[in-house]
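K.L.:
Take this sequence and fold it.
(one chain, ligands or ions: 2)
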Amino acid sequence: MTGRWWQDAVFYQVYPRSFADSNGDGIGDLRGLIGRLDYLSTLGVDAIWLSPFFPSPKKDWGYDVADYRGVDADYGSLVDAQALVASAHDRGIRVILDLVVNHSSDEHPWFKAGSASKDAPEHDYYIWKPLEGKRPNNWVCLFEQGSAWFPNPPTGERYLGTFTRFQPEFNWREGRLRAEIYGVMRHWLDLGFDGFRLDVATAYIKDELFRSNPFSLNIVPDLLQRHVYDRNRPEVHEIFREMRALTGDERVLVGETYGPDPALAAACYGRGDELHLAFDFELLDAKWSAGAFRSAVERWYAALPEGAWPVITLSNHDRPRHAWRYRGRSVRETEERAKVAAACLLTLRGTPFLYYGEEIAMGCRRIPRARLRDPLGIKTWPLGFLGRDPERTPMQWSSKPGAGFSSRVGAASGDDRSGIGSTGVPEPWLPLNPDWRDRNVEVQLRDSASVLSRYRELTALRRAHAALRQGDIRFLDGGRDLLVFERRTSDEVLLVALNFASRSRAFDLDRQATILLGDSDRPARVGPGSVGLRSLETMVLKLS
Ligand code: GLC
Ligand code: CA
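P.N.:
Ligands and ions are numbered 1, 2, ... in the order given. Reported below is the predicted structural model:
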């Protein structure tokens, strides 16, 4: 029995601006992505989550939408978007879009009209408070680190923006706004897209009384507040139910459901009538240890309501890449850790979401001040934070100039500060990581021991064994360094053993087992008795 497609699928997040540039302007685009679908197919990807491609002034790189029904000229056209869906579907790959509807851009026609006059019908699409007197509460603007209330002199009011001032927040209590957004969703579903990732889903509805948030010790990302009044309000679940009624079960809704407690994300599944999938962020904060991974995942599983299907992810466009978070003392150690992390993603119970470039263990590095693009990075640069640009650098495809990302770029050394290469041709919109000549898809495809080859082995194994997709999970005691768990269906039992330590470790096996994945010089079978795992080794066994 296989589950619904989104339970079996391996998802892959594409940040379109950084994935593949087809026309040499240094900016990734939809035609570029279409050209790489065969690659994604051989990687074993079943579905793509595409970060926003909608027309946008790009104050937050597309997470500020000025037209929900179009395609930004940087990325192509609506025709290209349709070609993308068709070409992906030809290969059995589904495509979901990033729906950014907690806020629009301040350049969206609705906000332009609504901020010009209180009488405009669109005025009610946004949240307003009088300009006179004190600010309504202590809510903060996360990327600007000041008050979230911004003046709008033409109407004598303030509007709300908890990300930047360029992202005014919608009033989801207004029925006409809801109808507009559901119309947008239908537009893309009618074009054949397979669902949505819901940007900051838990923030749609604000407290009716606009109460101030209480104090919290968390600085990043919560800015010393517990976001109980500007996020995670109970009324948001009604919206999720309306959205679910619209998509049914053939199309998927996956929520960015950030919260300090996994229970908040878990609540977004409702009674099987809200989101199909929700992101838990505990694993993104887990330290490199088998124990930390196990407890993060167990907390997440325990929080989920009956029948809810987990999501497993380690990286996205907002967090430092996990190969960098888990970097070792050498490139080799970093890569071996990346393989263990890949095995977690692809064998734990839940739908894996990969982030472009993690399959070659792309890292992060500090980007020169003059080349920063992320508003959060620019704001926090003096404080020593990396911002979010380091995890958004161009995909490293080959050792050719431009790393195969772009057909026609300048020096592409990644070190240029001006953004104009030595030949006068634009550099990629963000500099390449300095290791692109050695770390790229072309190099790793040729190497059967590469991180990329491991991802391919793991996705193939997942396809071949229903237990890895649908099976129950049971953790065994592996001590501090080993993560050991069983995946079981009525037909087979697989055992996954992952050594997080850079030295050998052993565990006991009470039966004989066939090695499905392990170091290449292993015999075909092991056990019963003590089974040794080498430094950072992954073993997947089929128990007899
Ligand atoms: C989400 C996105 C992030 C964006 C923010 C505001 O957290 O993942 O990239 O900046 O929402 O839309
Ligand atoms: Ca381009």
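
K.L.:
what sits up against the helix or strand that contains F240?
P.N.:
Here F240, judged by DSSP states H and E, is contained in helix 236-247. For helix 236-247, contacts defined as CB atoms under 8 Å, 6 or more residues apart in numbering pick out 172, 178, 182, 185-186, 189, 195-196, 198, 201-205, 253, 255, 267-268, 270, 273-276. The C-beta positions use only the backbone N, C-alpha and C, and glycine is treated the same way.

K.L.:
give me that answer again for 10 Å
P.N.:
Applying CB atoms under 10 Å, 6 or more residues apart in numbering, the set of residues contacting helix 236-247 from outside is 99, 101, 172, 178, 181-182, 185-186, 189, 194-196, 198, 201-206, 251, 253, 255, 257, 267-276, 278.

K.L.:
what is the rounded mean pLDDT of that helix?
P.N.:
For helix 236-247, mean pLDDT rounds to 98.

K.L.:
ok now that helix, how far from the chain's centre?
P.N.:
22 Å (CA atoms, centre = their mean, to the nearest Å).

K.L.:
Next, the buried residues of it.
P.N.:
236-237, 239-240, 243-244, 247 (16 or more other CB atoms under 10 Å).

K.L.:
and if you look at stretch 47-55?
P.N.:
Burial within stretch 47-55, assessed by neighbour count using 16+ other CB under 10 Å, is assigned to 47-55.

K.L.:
now swap in stretch 201-221 and tell me
P.N.:
Buried, per 16+ other CB under 10 Å, within stretch 201-221: 201-207, 213.

K.L.:
Out of those residues, which comes closest to A342?
P.N.:
In terms of CB to CB, no member of the buried residues of stretch 201-221 lies closer to A342 than A201, at 27.2 Å.

K.L.:
List the contacts of N137.
P.N.:
Per CB under 10 Å, 6+ apart, neighbours of N137: 129, 147-149, 160, 206-207, 209-213, 229-230.

K.L.:
just P121 next, same as before
P.N.:
Neighbouring residues of P121 by CB under 10 Å, 6+ apart: 110, 113-114, 176.

K.L.:
for the residue of the stretch 51-200 of the chain found nearest ligand 2, what are its contacts?
P.N.:
Residue nearest to ligand 2 within the stretch 51-200 of the chain (CB to the ion): D74, separated by 6.8 Å. Taking CB under 10 Å, 6+ apart as the criterion, D74 is in contact with 16-17, 25, 27-30, 53, 55-56, 58, 62, 429.

K.L.:
and ligand 2, which of the residues you listed reach it?
P.N.:
25, 27, 29 (CB under 5 Å from the ion).

K.L.:
As a markdown table, those with neighbour count and pLDDT would be great.
P.N.:
Below are those laid out as a markdown table (neighbours: other CB atoms under 10 Å; pLDDT from 0 to 100):
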| residue | neighbour count | pLDDT |
| --- | --- | --- |
| D25 | 17 | 92 |
| I27 | 22 | 96 |
| D29 | 25 | 98 |
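
K.L.:
In JSON lines: these, plus secondary structure.
P.N.:
What follows is the ones next to ligand 2 among the contacts of D74, written out as JSON lines (DSSP: H, G, I helix; E, B strand; the rest coil):
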{"residue": "D25", "secondary structure": "coil"}
{"residue": "I27", "secondary structure": "coil"}
{"residue": "D29", "secondary structure": "coil"}
